[in-house]
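Student: let's see this in three dimensions:
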Amino acid sequence: MIRRALNRLQTLVNRTVDRYSAAVAHEVAMRRHRQILSERSMQYAAAKTSRLTGAWTMQLPNVNDIISASSPAVRARVNQLTRDFPYFARALNNIVDYTVGPGIVYQSRVKLSNGKLDKRRNQIIEDAFKWWADEADASGKLHYYDIMRLTKRQDAEIGEFLVVLAPIKDPNRYLPLALQLYEANWLTSARDNYGTGGIGLSARPGETETRQGIEYEKLTGRIKGYWFRDPYHGGQEVYIPTNQVIHGFDMLRPQQLRGISQMAPGVLLAHDLHDYMGAEIDGAKFAAKYLAFVKKQQPSLGQGLGVVTRETGEKGITRYIEELENAIVEYLKPGDDVVLAKSERPGTTFTPFVRLLLTMLSVTSGVPYELLTGDYQGINFSTARIIRNDFQQQLRPVAIRHIRQFGLKTQRACLDWAVMTGKINLPGYFQNPRHYWESEWQPPGMEAVDPLREAKSQVEAIRALLKSPQEVARERGRDLEDIYREIKEAMDLAEQYGLHFDLTGIDTTLAPNPAAILEE
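Tutor: Here you go, the predicted model:
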């Protein structure tokens, strides 16, 4: 009886423990559920997982891993679209033309101790730079400003540009310094030895590794050199230290080693649009070839279309066919019916749909829709000014980056070699070169949409001391000194021929403008 009582007691204890454990487990599960709900409620909506975003993988890999895996295909596709798709080619041309144009013009701005420009030394430096600019290309084909355009095209199309400072020993050259452009795919990964850590504070000072052909210091990310190999001619691998290489690209993430084309977001869109437009054009051409369809009472005889005027077929049946330039009319037998072909291609939705896709391509490329397509329908003075101002604002940092990455580095290299070879004399240059590096670079400007109206506003801004004449000249891509020099030459020429050159009688009041009247 005692054993039976003990068994009953043990069973009761076990049941009590099980009930308590189940209650505790349920409470823990409910707490965990409430915690998950609370965490989800604190998330950004873009980070939440739902049935619509369940397949959307969320990861943030290293930027160099993304570029290394993507850039070869992106470069090839952008290059192919630039060759074959007109809108892609026009987008790149607009970027280069409005950023660099015929060249971002260099002007020396060395100053005296009193803060005024040192005109004599500025003229010496500019003359030396112009002389070298004529022979800057190592191949002897391009002017310095042509190289500037080409590097900007590489930057926009490929995502990066590479220029090697190549010394050339030639007594006929003004300076032994030359610029040699390298293709981005010449960087070879054969010497890559990077680990999983990448650039970071865990590295030891002086420790280096190579990634995508670029050797860098792991601790700081400072570039040490580049490994090149010409894939087209089976050349040997060549290591060039970083002080001889100019590598420019738009850095989008920290620790980024190489660039990616700014056209990358529009590649798939442009490819689909290219295929869609081609298919629609082919369909319209094919549909346009049909003039009419013949319904015959005896289908076995066929449609009866032919290429001769008169033909005797089976059972002595004669067919008569008349050709009218690009159309064909056949004389039919009694009972036959003719239905004229109707081509509804392209349809009414073709134009607005293509316009929508081109607008999306405009957004991805950064080029205004009107410049990208050449479609200026519905544009007036106000909208034209808005488009131009937005485009100028967008291009300003792009032009400044190209000046910093290409212009300043080549200008300083030119001055180094000019002083080192004794072509020009700049006292104390190697003790304080920055004094002689002072410069101004003039990007291309944009002409006024409405010259009369804008000239009036510029004059009023200058009178109110809100703008300087230099700023107005820069907006047009000109240097004020050059403008004044040209005016003086014109006045002297007019005086030479006995003509009167009067600038004081010009009326700056705003006369009625036809464009403004039409707009109103």
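Student: quick one: buried residues of stretch 249-267?
Tutor: 249-250, 256-264, 266-267 (16 or more other C-beta atoms under 10 Å). Every C-beta, even on glycine, is put in place using the N, C-alpha and C of the backbone.
Student: want to throw those into CSV with secondary structure?
Tutor: Below are those laid out as CSV (DSSP: H, G, I helix; E, B strand; the rest coil):
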residue, secondary structure
F249, strand
D250, coil
Q256, coil
L257, coil
R258, coil
G259, coil
I260, coil
S261, coil
Q262, coil
M263, coil
A264, helix
G266, helix
V267, helix
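Student: can you redo the residues you listed as CSV with distance to T188?
Tutor: As requested, those are exported to CSV (distance: C-beta to C-beta, whole Å):
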residue, distance to T188
F249, 18
D250, 23
Q256, 19
L257, 14
R258, 13
G259, 17
I260, 19
S261, 20
Q262, 25
M263, 24
A264, 22
G266, 29
V267, 25
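Student: tell me the one of these nearest P346?
Tutor: Within those, the smallest distance to P346 is 22.7 Å, found for G266 (C-beta to C-beta).
Student: ok, and the closest non-adjacent residue to the closest one?
Tutor: The shortest distance from G266 to any residue other than its chain neighbours is 3.5 Å, reached at T364 (C-beta to C-beta, 6 or more residues apart in numbering).
Student: cool, and N425?
Tutor: Closest to N425 by C-beta to C-beta, 6+ apart is V419, at 7.6 Å.
Student: now the one you found: how far from S439?
Tutor: 15 Å (C-beta to C-beta, to the nearest Å).
Student: just L268 next, same as before
Tutor: Distance from L268 to S439, by C-beta to C-beta: 41 Å.
Student: then V267?
Tutor: With distances taken as C-beta to C-beta, V267 is found 37 Å from S439.
Student: L268 and S439: which is more packed in?
Tutor: The neighbour count for L268 versus S439, taken as other C-beta atoms under 10 Å, is higher for S439 (20 against 11).
Student: tell me the bridge partners for the more buried one.
Tutor: Applying DSSP bridges to S439 gives these bridge partners: S108.
Student: who are the contact partners of it?
Tutor: Contact analysis of S439 by C-beta atoms under 8 Å, 6 or more residues apart in numbering lists Y106, Q107, S108, R109, L408, Q411.
Student: give the buried subset of these as a ChimeraX selection command.
Tutor: Under the burial definition 16+ other C-beta under 10 Å, those of the contacts of S439 that qualify are selected in ChimeraX by:
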select :106,107,108,411
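Student: so can I have TSV of the contacts of S439 showing pLDDT and distance to K456?
Tutor: Output for those, formatted as TSV (pLDDT from 0 to 100; distance: C-beta to C-beta, whole Å):
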residue	pLDDT	distance to K456
Y106	93	33
Q107	92	29
S108	93	34
R109	92	31
L408	96	37
Q411	96	38
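Student: nearest to L219 among the contacts of S439?
Tutor: Nearest member of those to L219, counting by C-beta to C-beta, is L408, at 26.6 Å.
Student: list the contacts for the closest one?
Tutor: Taking C-beta under 8 Å, 6+ apart, we find L408 in contact with W437, S439.
Student: assign it to helix, strand or coil.
Tutor: Going by three-state DSSP: L408 is helix.
Student: and the closest residue to V472 other than its chain neighbours, how far from T359?
Tutor: Spatially, and ignoring its direct neighbours in sequence, V472 is nearest to Q458 (5.0 Å; C-beta to C-beta, 6+ apart). For Q458, the distance to T359 equals 32 Å [C-beta to C-beta].
Student: tell me which of the two has more neighbours.
Tutor: More crowded of Q458 and T359, by other C-beta under 10 Å: Q458, with 18 against 12.
Student: who does the strand or helix carrying that one touch, helix- and strand-wise?
Tutor: Using DSSP states H and E, Q458 maps to helix 451-463. Contact here means 3 or more C-beta pairs under 8 Å, 6 or more residues apart in numbering; DSSP states H and E; on that basis helix 451-463 packs against helix 469-475.
Student: list the buried residues of the helix it packs on.
Tutor: Neighbour-count burial for helix 469-475, with 16+ other C-beta under 10 Å as criterion, is recorded at V472, A473, R474, E475.
Student: quick one, what contacts the third one?
Tutor: So that's R474. Counting by C-beta under 8 Å, 6+ apart, R474 has contacts Q442, G445.
Student: please apply the same query to the first one.
Tutor: Contact analysis of V472 by C-beta under 8 Å, 6+ apart lists Q458, A461, I462.
Student: give me the local confidence score for it.
Tutor: Per-residue confidence (pLDDT) for V472: 81.
Student: need the contact partners of whatever helix or strand F286 lives in.
Tutor: Secondary structure from DSSP H and E places F286 in helix 267-288. Outside helix 267-288, the residues that touch it by C-beta under 8 Å, 6+ apart are 74, 77-78, 81, 84-85, 87-88, 263, 341, 343-346, 350, 354, 357-358, 360-361, 364.
Student: please pick the buried ones from those.
Tutor: 74, 77-78, 81, 85, 87-88, 263, 354, 357-358, 360-361, 364.
Student: out of these, what pair is the most spread apart?
Tutor: The largest separation in the buried ones among the contacts of helix 267-288, counting by C-beta to C-beta, is between V74 and V354 at 24.2 Å.
Student: against L269, how distant is the residue nearest to V472?
Tutor: 40 Å.
Student: quick one on the thing from earlier: export the buried residues of helix 469-475 to TSV and tack on distance to Y276?
Tutor: Listed next are these as TSV, based on distance: C-beta to C-beta, whole Å:
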residue	distance to Y276
V472	45
A473	46
R474	43
E475	40
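Student: now, which of the residues you listed sits nearest L395?
Tutor: Closest to L395, out of all of the buried residues of helix 469-475 and judged by C-beta to C-beta, is E475, at 12.6 Å.
Student: my guess is the closest one contacts G445, does it?
Tutor: Yes. Contact status for E475 versus G445: in contact at 5.3 Å, counting by C-beta atoms under 8 Å.
Student: common neighbours of those two, please.
Tutor: Contacts common to E475 and G445, judged by C-beta under 8 Å, 6+ apart, are absent.
Student: that's a strand at V163, yeah?
Tutor: Yes. Under three-state DSSP, V163 sits within a strand.
Student: residues in contact with it?
Tutor: Counted by C-beta under 8 Å, 6+ apart, V163 has contacts I147, T151, L179, Q180, L181, Y182, V245, I246, F406, T410.
Student: hmm, 6 Å instead?
Tutor: L179, L181, I246 (C-beta atoms under 6 Å, 6 or more residues apart in numbering).
Student: now do the SS call for Q255.
Tutor: coil.
Student: same question for Y232.
Tutor: Quick answer, by three-state DSSP: Y232 is coil.
Student: quick one, phi psi at Y106?
Tutor: Main-chain torsions, Y106, degrees, to the nearest 10: phi -90, psi 140.
Student: tell me which stretches of the stretch 351-500 of the chain form strands.
Tutor: All strands of the stretch 351-500 of the chain, identified by DSSP state E, counting those that start in this stretch, fall at 439-442.
Student: all helices of it, in order?
Tutor: 369-373, 381-402, 408-420, 434-437, 451-463, 469-475, 480-496 (DSSP state H, counting those that start in this stretch).
Student: in the second one, what's buried?
Tutor: Of all the residues in helix 381-402, those buried under the rule 16+ other C-beta under 10 Å are F381, I387, R388, F391, L395, V398, A399, R401, H402.
Student: what is the nearest of those to Y194?
Tutor: R401 (26.7 Å).
Student: now the closest one: closest residue in space that isn't a chain neighbour?
Tutor: D250 (6.8 Å).
Student: ok, M360 to T242 distance?
Tutor: 39 Å.
Student: again, but for R453
Tutor: 51 Å.
Student: M491 against F501, yeah?
Tutor: Yes. Judged on C-beta atoms under 6 Å, M491 makes contact with F501 at a distance of 4.6 Å.
Student: more neighbours, the two?
Tutor: The residue with more neighbours, out of M491 and F501, is M491; 15 against 11, by other C-beta under 10 Å.
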